[in-house]
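Student: quick check, what structure comes out for this input:
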Amino acid sequence: MSKQDSRSKPAWSRREFLRIGAAWGATVSVVPASVLGRGAQPPSNRLNIACIGVGGRGNASVQAVKGENIVALCDVDVSRAAKARQQFPKARFYQDFRRLFDEMEKEIDAVTVATPDHTHAPAAMAAIRRGKHVYCEKPLAHSLQEVRRLTEAAREHGVQTQLGNQGHSSNSIREFCEMIWDGAIGVVREVHAFVGNSYCPPVRVRPAERPPLPAGLDWEAWLGPAPARPYHPLYHPGKWRGWVPFGTGIAGDWTCHVLDPIFWALDLGAPTAAIADPVDYDDPRIRAETFPPGCVIRYDFPAKGARPAVKVYWYEGSRQPARPPGLEPGRNLPRIGAYIVGTRGVIMHGSHGAAGAQLLPASRWREYQRPAPTIPRSRGHHADWLIACKGGPPASSNFDYGGPLTEVALLGVLAQRFPRQRLEWDAASLRITNHPEADRWVRPPWRAGWDV
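Tutor: Below is the predicted model of the structure:
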């Protein structure tokens, strides 16, 4: 097979668009607001930004946009917001983002959302419907229906968006794509992605005790669209990821990082099926509350253009993959990463795209001549979004890209609810076609007042 024939580079017009757009954006310094369209500002202006979720992970977004004009801070927990409030004493503070928008809608240009997973969609949608640009941490939402609605609404309202999968802006993810498109391992048919962590909490069913509510915590606002239940420290702060009503487990938290390079390089699109094989997860009471200590999820992606069908295996917690061909004795897989098997070899990469891609075995990697760069390098994940908000090209993980990537993650999360049952997925109609009970969870109910 010739080098040209062995390439799995997709004929993806979006890549060409990003190349042209980034080149254009690099030349822009000042553009009159009148030519930028509805709600846009000259790149020389500072944006008025509201940050929703400013404690924990949310503080990273606050720091990333601090060069703009931070006009509002919102967090349900007063104590966790203290650091940001001290840094930005002039910003107005809220515990409920709905009140923030009611009172400050005309003063805000853009919003960052870094709340727990189950409140991503209500906060992001409240901003989008008001024409505000949105940066939202991953996963984009808590359910498949929410993801699709956000993706469509962002397009409808013409706002600039970015999903918080920061590795998408690294140089290493671009190098990985360029290697795949160069035919470094030939035609890809199989992917193994893995995370050696688990969010399975020590208590796997809903706790019965009712400890006192901490001072300064608005529990009603924290619950948001989730069914009402009493406060417990097993949920907040920071432990909600392992609880089904609030988080999305390892698969929801890490797929948008670990599968991102493969999703981009292979132009995967939507899978046609998913099947999950979780560990110690047959009790329906446990499945309703917490995530498993380990799981393997298999996705079937159909052929697309010149690329053949691809099987993607996701491993988490106690379930981890076999060693890939070519991995030298004494060398271990990274704790978080993936290896991609092609007709001419294997590529391995670490988490967030940060560890870079390497061919296996190491001898082949030493001999390999890397292709010349073809994808524009990023100025930074938040920076690209801010440039887009000011009239530059769209950020590369905007919701048109980050939405479909999140749908892959959440289909796997949903599959865990139905162990060892193959779920046939029709992405166009947003339906699981062979399992009515599973299909019901594509569109779970919202609590009154929190619908998307």
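
Student: quick check, central residue of the chain?
Tutor: Relative to the mean C-alpha position of the chain, the nearest C-alpha, by CA atoms, centre = their mean, is the one of Lys138, at 3.3 Å.

Student: need the contact list for Ala50.
Tutor: Contact criterion CB atoms under 8 Å, 6 or more residues apart in numbering gives 70-74, 100, 104, 108, 110-112, 127, 132 as the residues in contact with Ala50. For every residue, glycine as well, the C-beta is placed using N, CA and C.

Student: scratch that, His381
Tutor: For His381, the residues meeting the contact criterion (CB under 8 Å, 6+ apart) are Ala64, Gln162, Gly164, Gln166, His168, Ser169, Ala395, Ser397.

Student: next one, pLDDT for the fifth one please.
Tutor: Read it as His168. In the prediction, the pLDDT value recorded for His168 is 96.

Student: with the last one instead?
Tutor: As summarised for this prediction, Ser397 has a pLDDT of 98.

Student: also Ala84?
Tutor: The predicted structure lists Ala84 with a pLDDT of 98.

Student: where's it, which helix or strand?
Tutor: Secondary structure here is read from DSSP states H and E; on that basis Ala84 sits in helix 82-87.

Student: tell me the domain ranges of the chain?
Tutor: 12-168+390-400, 170-375+403-440 (automatic domain parsing).

Student: for those, which one sits closest to Arg447?
Tutor: When the domains of the chain are ranked by distance to Arg447, counting by CB to CB, first place goes to domain 170-375+403-440 at 5.1 Å.

Student: excluding covalently adjacent residues, which one is nearest to the residue nearest to the centre of the chain?
Tutor: Here the nearest residue to Lys138 in space, its sequence neighbours aside, is Cys256; by CB to CB, 6 or more residues apart in numbering that works out to 4.0 Å.

Student: Gln63 in helix, strand or coil?
Tutor: helix (DSSP: H, G, I helix; E, B strand; the rest coil).

Student: tell me the contacts of the residue lying closest to Pro245 once chain neighbours are set aside?
Tutor: The spatially closest residue to Pro245, leaving aside those adjacent along the chain, is Ala226, at 4.6 Å (CB to CB, 6+ apart). By CB under 8 Å, 6+ apart, the residues touching Ala226 are His118, Pro245, Phe246, Arg447.

Student: reformat those residues as TSV; add pLDDT and distance to Phe176.
Tutor: Rendered in TSV, the data for the contacts of Ala226 read as follows (pLDDT from 0 to 100; distance: CB to CB, whole Å):
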residue	pLDDT	distance to Phe176
His118	98	32
Pro245	98	35
Phe246	98	32
Arg447	92	41
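
Student: of those, buried ones?
Tutor: Under a neighbour-count criterion of 16 or more other CB atoms under 10 Å, the subset of the contacts of Ala226 counted as buried comprises His118, Pro245, Phe246.

Student: which stretches of the chain have low pLDDT?
Tutor: For the chain, applying pLDDT under 70 flags the ranges 1-44, 351-355.

Student: what about the longest helix in it?
Tutor: With residue count as the measure and DSSP state H as the assignment, the chain has helix 399-416 as its longest helix.

Student: OK, contacts around His168?
Tutor: The neighbourhood of His168, defined by CB under 8 Å, 6+ apart, consists of Asp260, Trp264, Gly353, His381, Ser396, Ser397.

Student: any idea how far Trp181 is from the second one?
Tutor: With distances defined as CB to CB, to the nearest Å, the gap from Trp264 to Trp181 amounts to 10 Å.
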